[in-house]
Structure formats: C-alpha cells, structure tokens
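Asker: Here is my input, please return the structure:
(2 chains)
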Amino acid sequence: MAINIKKKLPRVLQVPFWQDFSDVISTELTNVKTYLADLKAQTFDLGALKAAGDNSQFIEICKMLGFTPDTSLDQTSEYLYQETGVVTDRVKYKTTYLGYNIIFDESGRKGQTFLWYWNGYRLVRAYSGSNFTAIVAQDYSLPFEFVAEQNYASFLFATMYLDQTTPSVTLDNPVPWFLDQATFKVSTKHIGCEYFIDQVILNPLDSNNPYLMTKEYLSYLLNGMLYNRGITDVPHVGCQLSLMCDNTGYFDNAFTAGNTYSLPDLQMKCSILPANFDYVNNIAVLAYMKIGTGTQGLKNKAGSGTYPTDLQIPVYKLSFEQDSTAINSSWILAYGDFFGNKVNLETIGTGDGTTTSFSYSMLHTPILPGSIVITYINATVAYTVTDVDKDGTLSGSNAVGTINYNTGAITLTTQRDVQIIQESMAVTTTTTLSHTMARNPIVPYTYTLFYVIGGVQYIVLDNGDGTIGNGTGSDGITGPGAGSKGTINYSTGLVQVNFSGVGTDAGQPIDASYEYTSTTAPDNTKVITLQYQTLNPLKYTEVGLFDVTDNLVAYATFPPVELGTIEQYVSIQWLVYNGAFPGV
Amino acid sequence: MLFDFTSVQQRIVQGLAAKSSWADILYYSTNQRLIDAIAQEISNLAQYDEYLTRETKWSQAQNTSSLLLQATLLNYKPNRKIGSVGTQQRFSTSQTFNASYSVIVDIPKYTVFSDGGDIKVSTTSSNSLLVGANYIDLDVIQGTPVTTNFVVQGLNYEEIDVIDSTIENSNYEVYVNNVLWTEISDIRLATSGTQQVFQVINKPDFSGIILKFGNNIFGQKLSSGDAVKFVYISTLGASGNILASGIITTVESTIYDINGHTVQGYCSNIGPIEGGQDAETAESIRTNGNQAFQTGDRATAEQDYVYLLKTQPIVFKTIVWGEYEKGLDDPSYTPGSYIAPSENMVYICAIDNTGSTISLASQTSIRAFLNTIKSPTDIPSFVDVEMIYMIFNITAYVSDRSYTLSQVKSNILTAVENQYGLAGMDFHVNVDYSDYTTYIDSIAGVDHHDTTATLFNKFSFQTGQYICSFTLSLFPFDANSVSIWVRSHSDTGLGLAGWVEVATDDGAGNLVSVSPYVVLNTSSINYSTGAGTLTLTDATSLPHYATSSPTDYDVKIIYTLTDRNFQLKQRWQYIQYSSEDLVVTTQYTT
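Answerer: Predicted coordinates:
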C-alpha cells in the first residue's frame, strides 16, 4: 500500500503548496518501503528469487543451512530453486532411502539404491526376486529396470517363527538351524546408488554425441552419496544396463522388427548368436562376460549382417562366480558389475619355454601407478609381478622389470637373483664337506658359509673365483682347493670344504646363505597376462556373453557408457528369453 | 533505485519541480533546507533499515551479536575465550628442583602461578608433592579463579546474569547451597524435575553469560533465598599463550604442607602452555552454526561426528573416517573394497589443545557421550595421532629500512605460529614447499628469504633397554640427512638445548655412533620404508644416566625428505612446526 501523508495534513495546510509537497514526500517514502519490502522478501522467497534469476542468493541460503549445491550438471535458477527447497529434506532424511532418492530426483534421472552383500568372493547387489515376474509383463522395446531388494539385511527367513508347527522349528531342534547363513552371504555396509539407463544423453562435452552415461553424472551421484551416507556406509556409484534378447538371433526381434535398434530409446543392438546358444545347457556353461570399447554389427530379421566371434576391442573380462547366473522356465539371467577403467585383456606375449625377456606397450594410458599385475606360468606354477612402491620398478619373486606409467611401456625379465637366507647342509662333526646347494647357478661373491670349530663361530665368504676362505688356515679351512681354500662350482652349486683338525663341532649346524639366479621362462604357448587401471576414462560400447569354451553366446553394442574412476561401475544384466518375443 | 542522500534529494526536487505550486519557490533557500533535511532522514532511514535487514541474514550479518542470537536457532553455542593449557608446570620446594621436602605438600585446585606480571595460570586439580619427590608436574590453565555469589528469588526458569567477558569457555562450576550442580546443553532436556542441572547461555557480544535453572518439571527449580556460587576461570584467551619454557616462575598462591605450615615454593613451566583462543569470530560462528544445523545432535554422517566431537571441551581438533576412507587410503585395497574388520567401525583421532591424543579417560567419556546419539551399530574406535614436526630455518632479508630487524623477526614468528602452529594446521593437511616459501615471502618486511624445512618425529626407548625401534611414516629421505638425538625428561630449553646427538646415518642405511655414545652395529634405517632400529650399547654418557632409566628419555629423529613437499599418507597424521626449534635470522639487504 502506498504511503499517503497528504491526508494527515492539518486543515490549515491543505493548500496546493503543502499537498504537492506531501505527495512528493509520500512517493519517496513509498519508494523506500517498496525497496525494503523487496529486500526482506527476497531473503527466503524462493519463487521470487527464481523469477529474479538470483542464483547467488540461492547459494547463500544453502550455505546458511550448511549445504553446498553441486552445480556440475545444471547451473540454472530452476535447478538451484529445487536444490534450495530440498536442503531441509536432505537434513531430515539423511542416511535414509529417502535421502538417497533426493539425489536421483535432483539429477533428473531415475535410479535406485542397492544394498550389497558379500558372497564369499565379491560384493554383490541384493536384487528383488520379483524381477523375473516383472519382465514377463515388460514391453520389450523399452529398457528393463532391474529392481533392488530394499531393506535387505541378511537371509533372515521372514516367515519362520520359533515353535511354530509348520514348519516345525524349535530352539532345541535336532538339526541346528540359524537365521543368517553368514558363512555364505554376509550383509555389509556397502551401498550402491545406480542410475537406471533409460535414455540417451547428448553429451555437451563431446560434440553432443549420444551417450548412455557420463562420468559427470556419476560424480554428481557420488557427491550426493558422500553427503547423505552414514560414516560407516561405503558408497558405490554406478548405472545399470539391461540387455534383453530372445532366441531368434536377430537384433530387431519380433517385437521391434524393422527397427534400427533392439532398444530404440538406447540406440542399442543386442542379440544371441544362435549357433552358440543352448537354453537348456547355457546356465551351466556360461562362464564370463567381456566389455569393450569397439562396435560391430549383428544380423537383422531381413537377413543382412554377420555375427561377431569376439568383441572388437575387448578391455575387461569378468568371470562368473556364484550369484552371477540364474535361470527359470523362460529366462536366463547373467549379470556382473564392471568397475571403471580396469583392463585385464591385454597380453605381454606368449612363452616358448626359453625366452625370458619381454616388452610391451599398454593400450590405455596413462596408467594408475601401482595398479599393474603381470601373471605368467612356469612349470605350471603361476608367478605374479607388481610394482608395490609405485615407482616404475616391477618386481616379483622370480622376475624384474620396468614400467613407464605415462607411455605404458613395459619390460619384463623372468630371471633374477634370489636370496637364500639360510640353507642347512649338516648338523654334525665332519672334516670334509661336499654338498650341492639346492639352487643354482649361484651368484659369485654372495656365498657365505657358517660353521663352528672348537666353539668358535666362523663366517666365511666365497672369493668370486670359485674358492671359499681366506687361504691362511685361520678360518679352519684346509682345502680341497689350492692355497687352503674350499671350492665352489657356481654353475652346479657343488661346494667342497676340508676342515682342519677334528673338523666341525658335533651338534653344530653347517649353514650357508647365497643368491642364485632364478630363471622362470614362461611355459610354451602360455600367455603372459596383464591387469591394470588406466587413468583415462574408458567409454564402453560393447558387451559379450561367453561360455566355458570361449564361444560368444550373445553380443550387444550401444552408445558409450563412460566411467570416470574405479569407484564407478556399470552393472550389466543379460536377460535372454527362451523363445521369440511375443509380437504386437 | 538508490537511497543515498543525493539520490533522494534529487527525486524530491524533481517531483516538486513538476508541481505548479512549487515552481516559483522551489529553490528558495529555506525550502531547500527543508528538502535537504527530509531527504537526509529518508536516506538514513533506508540505510538503517537495510542495515538491520542484513543483520537478520545469517550470510550477511557483520555483528557477532547478530550471529549469536541467530545461532540459537541453528542449535549452535559459540565458544567464549578458551584458556591455554599446559601439563608441565613444575613445582618444587627446591629452587633447583633437585631436593625433596620432609612432609607432604598440598597443592590445591586453583593454585596460581605467574610470570611475575599479568600472565597467570591456575591448577585444574588438587595434587600433592610427596615425600621423596623432588618436584611435581601440574596441569594448569591460563587464568585466575573468580568466585561470584548470588541469592535467588525462586522463579521458574530463573536466570542469573554474570557480566564478565573473560569467563573461560568450559572451566567453571555452579554450586547451589554448596552442592555442585551439573551443566546441561538445554534445560528442556532435563529428564526430571529433580535433576540438579543448569544451562549456560552466552550474552550477546560475549559480554558475559546467563545461568538458567529449571522449573521442577525440566530440572530442579531454585528456591527463594538459595545461595548460588559461580566459580570460573578468568582468562586472557589467545594472548595468554606461553610458547616458551621457563616463563611461569612465580608462585602467587600461598602453599601449605599437610601440617598447615607455609612452604616456600618454586615453579617453572618446562613446556609450552598453549591452545588459548579468543571468543569465536563472526566468521567462525557462521561456519560452525551451519554444521550444528546439519548435525541436529545426532551422529551419523562424518560431518556430524566431527562437529559433535568438537563440542567436547577436551577435543581441540579431530578427524573421523570409516571403511570407505580406509579403502581409499590403504594401498593394499581397491577403493570400495569390502574390508570385513572395518565394517561398522568409526575411526576417531582427536587431540587436545596441547596436540596430544586425548587421554583414555577422555576417550571413555566421549564414548559415553556418543552412545546416546550415534547409530547403535556404529563402533567408535580411537586412533592415536602421529605428530610430525617441521624445523624451519629462515633467513629473511629486509630491504625496507623503515622496518627494524626485530620487527620483521617478530612478524615472522607470529606468522609462522598462525599458519603452521597447532591451531593453524589440521589433520591430514599437507605442507608444500611452494606454500611455505610463498607465505614467508608475503610477511610484512620480508624482501626475500632462504628457508629450509626438515622434519622430526619423537620416540622413546623400550622399557629397560636403550633400544628404539621406529617407523618414520614419511619417506623416502635423503641419505646422510638423519641424526638422532636424546634428551632426558629432566632437561628443558629451546631448540637442541639439553639434547645430545647419539647417532647419524652413514649414507648406506647404517646408524653410526657419535662419540662418546656407542651404537650397536646392527642399528640401521631404511631410507625407502622409514623403518629402523637404534640400539645404544654404551649410553653411560647420557645426561642423568646414573639416576635414569631408558624410558626417562625422549628420542628425536631428524631427517630430510627427498621430496620437499610433505605429503601425509594417513588421516591420523598431523604436521606442525616446532616452536622450540624455529630459527629465524633477519638481516638487511646490501
């Protein structure tokens, strides 16, 4: 309401002069009133702030409440308006499902919170048993969302009560029973928030090319989780991608015949390879999945196209363990979680039984220091080589090498000097020692002999020339070598020493320490495998499902799923229908 | 639209100029003065109202009093002045601290010592100097005890104002009719009408406090005529920090033995008395108030734990982490790994304002505090701090001769304390070479400087043996940079005073003797892993050897990192500079 002081004028002053003066002053006072009203109203009137586009005030309000909005995905007033409005909800629902749901809501993407359990081998998402039921009613041209099992804590059997009659369960049951089969599955504090991939994103950071997921979305999710989680919760962030196909062998199945894609919303092609698919036996023979960064065609119903035999650019192989595959009367389910930027499908080379030096350049550089693990086989024994100190020096029990983490260049030598700290040769009294060391060849200057004569401990070294001892006799050695020295054959490991007098003391050990050159040439035809993590975010575009004889059973290709760090994952779920998808 | 005087005046003049009744007389001087006066008042009104409006906004208020009032709504209670504390205020009846007294000497709580001037410290508990003991080391807080007495009216929620801006933040006691009552964070949280509790509320601008009592529903109500005694420490806050030893050497209180006879006492602080702080600033309140709102008095998230732990008077700094962070930090795990032994664990590292891990008693107290506000499945587990000290050696060159060299040196000492002292640093904070060189370069009066920084850790000998097994957590370090020093707990002083060098490294990882001390030839240090062992086979030349055991000595290992950036590897590590070892030299440029 405008201020009007004119009406307060005394009657004697109600003349144009004072009335005009009053009008002008009233106008100015009204200006002040309006200004201050706006100043105060805009403090917490979020709608007014949005209308005014006052993003800084949104930030100020959030800060007052102790929350910093993540503007990495969206910087608009509309987004900040939403963010500011839910700060109190974030506080109210902190650590709860509702708190995690707010993160998805604010990102504008659909997602779920999965609890993870330990299956004895790895962490596994707890999913609902209703998924098989749900997929029956699924529109197969649309992405299928794999539903989490909420409030899962353990295998507590909800309908089991003590002393109930059916089934009969009592505390003194003759067969001991337990509520939680912790031996096999352990509930944990690990929580996974994952986006449901149900649309293509046009990535502004990559010429607006279509993506299924970007690392920026996943970082946003992690920031939200770090705010919302309890201190004991371990956050995981990822996305889920369901690959559905029927047994026709065409990516444009009966439901989507004539389409360019199996799932148009995701621009995805997906199909089984009929020659390798056997519904009845597949559950037993499915062995692993591979994920890669290439793309290949599949056959359509019209008959064009060919089937691949492997991924175009395979990057990582994930073997199935328990809880990874399932089957019901109509469907095969196989799933696994691929964590970002792990590589395990490169090989340094193949052994021939004699070669001990290898070199290789890794494909996905730069490399995370310390992440490399090289494995090779010698005489059926597996050896590993790592860089524990993360300094570019590779070291294993029987191999050495170098790695350049920027260029990916590796050198590997499966031969190194190995120290034997103590090898016992005898516990007796003797005047002559003739012993072949357990390992050879022995490295000159590294052989040390320990023995006791007359209660005196002697420590005698080799001279690097095939002799042992100082040649003066003061060390109790009289031969058999020239000049009162013992002898050592570095190649065969044969050590011969004559001791003076009555020889070494009874009951006292004769020991040696030395280094020998260990050669563990990789066995013929055995590949030298390599695992590492790259610091260059990978963009996954293909997945294959394989059986135990390495046949590709099913293949899918899709726009990139980009994972920024090893903490980010994509959960792949193969759902293969035993029959043709019902047509429409 | 602007509301300064000129803008308001111009709008009024323009408005009147458009009126025919004012056309001819607008510029009469009397009218102009009238317009000016009104314009000035309107401008003042607008600006004052704007000022008041801004003061009601948490993010824009400039006055501490505004934030203090609003902090209550966010469930936050800002701290008043905090007195510095020390644990080594030595007292003896011997001027040289090397003779005992014939009978027990009582040293009651609130016994006062001073520097002979304004800086006074008080004991925080009662102690006795026993027969046969040459001295006793006392816990003290900076400040003097003050007692105020009130007679109350017996009102519901009766409040008592205590006007004194020096009331220490947490060291006070309230007695009602000589019965000690207990503080509660909010009187409405009292669980019965008989609970003898009180609440402390800060007055705006920290000018004092209000003691608030109950109503026989929430806490016991005071009765008319009850005598309330409030005993508190009056402290200097930050200006009461004593960084050097040997400053507090005057016994102010009269000391008696158990027979009631006056005793001549002597004292000296053999360690720093530090950690004092002034009342919280507006910016600090703004930061902590948000956290209080977010936390809501329940410990679930990391920031909740940190905030709530900091509300405990004993906790000066703290860091909290769980299984997730362990997976991130430990190179033997992939981030996100399942680490069964760490499930449900809440790892807490907390230090007091002397930089020491809080005592086991304090840990027990904090567990009890957390038990009621944490998730039942959370398992708090305390981890000891690993304190790493920096030795700065600074040569500063001064080109502006309007600065005296002593001024510049003082500036440097203050600046280094502010930035790299215990209060300025925090857990898991790295120190980069470029940071400290740039920082020192920016100090007033410094033209340029040469600064080196080495590190040291403190260890102890094993019980009964002069053997010290250690693992330095930062590595690799330079060969020929390691020196090992030993000092008796009986010796004090700055820098290397009282320390004797017993060994150095030979550049090949062996620790070799420094005469007259003899080191076992298997003593070694691994430059790459930081692990090592020192064994003294001849320690007879150590000061006080005849009257000491191995555990009566500190072992200091000084080393130079190969990397001049000090990158901490664990969350419980904490770097600060060593004030005792700081060397500052100033000279004019030529």
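Asker: so where does the nearest residue to B:Gln196 once chain neighbours are set aside fall, helix or strand?
Answerer: Spatially, and ignoring its direct neighbours in sequence, B:Gln196 is nearest to B:Trp181 (4.5 Å; C-beta to C-beta, 6 or more residues apart in numbering or on different chains). Just so you know, the C-beta spots here come from the backbone N, C-alpha and C atoms, and that holds for glycine as well. Using DSSP states H and E, the element containing B:Trp181 is strand B:179-183.
Asker: Distance check, the residue nearest to B:Gln196 against B:Ser223.
Answerer: Distance of B:Trp181 to B:Ser223, computed by C-beta to C-beta, to the nearest Å: 13 Å.
Asker: circling back to that earlier point, next structured bit after the strand holding B:Trp181?
Answerer: Downstream of strand B:179-183 (by DSSP H and E), the next one is strand B:197-202.
Asker: Phi, psi for the closest residue to A:Gly111 other than its chain neighbours please.
Answerer: Once flanking residues are discounted, A:Gly111 sits nearest to A:Phe104: 4.0 Å by C-beta to C-beta, 6+ apart. Here is the backbone geometry of A:Phe104 (degrees, to the nearest 10): phi -60, psi -40.
Asker: Let's see the pLDDT reported for A:Phe104.
Answerer: Per-residue confidence (pLDDT) for A:Phe104: 93.
Asker: what's the answer for the one 5 residues further on, then?
Answerer: According to the model's per-residue confidence, A:Arg109 sits at a pLDDT of 92.
Asker: Domain-wise, how is chain A divided?
Answerer: A:17-92, A:111-340+A:537-577, A:342-414+A:522-533, A:417-519 (automatic domain parsing).
Asker: could I get the ones you listed as a markdown table with distance to B:Lys229 and mean neighbour count?
Answerer: Output for those, formatted as a markdown table (distance: least, C-beta to C-beta, whole Å; neighbours: other C-beta atoms under 10 Å in any protein chain shown):
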| stretch | distance to B:Lys229 | mean neighbour count |
| --- | --- | --- |
| domain A:17-92 | 39 | 17 |
| domain A:111-340+A:537-577 | 42 | 18 |
| domain A:342-414+A:522-533 | 63 | 17 |
| domain A:417-519 | 72 | 17 |
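Asker: How about the contacts made by B:Glu417?
Answerer: B:Glu417 makes contacts with B:Leu243, B:Gly424, B:Tyr577, B:Ser579, as judged by C-beta atoms under 8 Å, 6 or more residues apart in numbering or on different chains.
Asker: Which single one of those is nearest to chain A?
Answerer: Using C-beta to the nearest C-beta, B:Gly424 comes nearest to chain A of those, at 23.5 Å.
Asker: That closest one: which element?
Answerer: Going by DSSP H and E, B:Gly424 is not part of any helix or strand.
Asker: Can you select the buried ones among the contacts of B:Glu417 for me in PyMOL?
Answerer: Applying 16 or more other C-beta atoms under 10 Å in any protein chain shown to the contacts of B:Glu417 leaves a buried subset, and the PyMOL line that selects it is:
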select buried, chain B and resi 243+577+579
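Asker: my read: the residue nearest to B:Gln196 touches B:Phe198, true?
Answerer: Yes. B:Trp181 is within contact range of B:Phe198, at 5.4 Å (criterion: C-beta atoms under 8 Å).
Asker: Now the common contact residues for those two.
Answerer: Common contact partners of B:Trp181 and B:Phe198 (C-beta under 8 Å, 6+ apart): B:Val174.
Asker: Any idea how far apart the tips of stretch B:296-312 sit?
Answerer: Start-to-end span of stretch B:296-312 (C-alpha to C-alpha, to the nearest Å) is 16 Å.
Asker: Quick check: buried residues in that stretch?
Answerer: B:296, B:299-312.
Asker: Likewise for stretch B:359-366?
Answerer: Neighbour counts over stretch B:359-366 (16+ other C-beta under 10 Å) mark B:Ser362, B:Gln363, B:Ile366 as buried.
Asker: These in helices, which ones?
Answerer: Among the buried residues of stretch B:359-366, DSSP state H puts B:Ser362, B:Gln363, B:Ile366 in helices.
Asker: Residue of the stretch 51-200 of chain A closest to chain B, please.
Answerer: Closest point on the stretch 51-200 of chain A to chain B, by C-beta to the nearest C-beta, is A:Gly66, at 3.1 Å.
Asker: wait, the stretch 301-450 of chain A
Answerer: Nearest residue of the stretch 301-450 of chain A to chain B: A:Gly370, at 6.4 Å (C-beta to the nearest C-beta).
Asker: Can I take it that that residue is in a strand?
Answerer: No. Under DSSP: H, G, I helix; E, B strand; the rest coil, A:Gly370 sits outside any strand and is assigned coil.
Asker: Hmm, A:Val388 and it touching each other?
Answerer: Yes. Between A:Gly370 and A:Val388 there is a contact under C-beta under 8 Å: 7.0 Å.
Asker: all helices for the stretch 1-150 of chain B, in order.
Answerer: Along the stretch 1-150 of chain B, the stretches classed as helices by DSSP state H, counting those that start in this stretch are B:5-17, B:29-55, B:64-71.
Asker: about what we covered before: now, which of the buried residues of stretch B:359-366 lie close to chain A?
Answerer: Checked against chain A using C-beta under 8 Å from any C-beta of the partner chain, the buried residues of stretch B:359-366 give no members in range.
Asker: so can I have JSON lines of those showing pLDDT?
Answerer: Supplementary listing: these in JSON lines, determined by pLDDT from 0 to 100:
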{"residue": "B:Ser362", "pLDDT": "88"}
{"residue": "B:Gln363", "pLDDT": "91"}
{"residue": "B:Ile366", "pLDDT": "92"}
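Asker: Identify, from those residues, the entry nearest to A:Ser484.
Answerer: Distance to A:Ser484 across these (C-beta to C-beta) is lowest for B:Gln363, with 67.3 Å.
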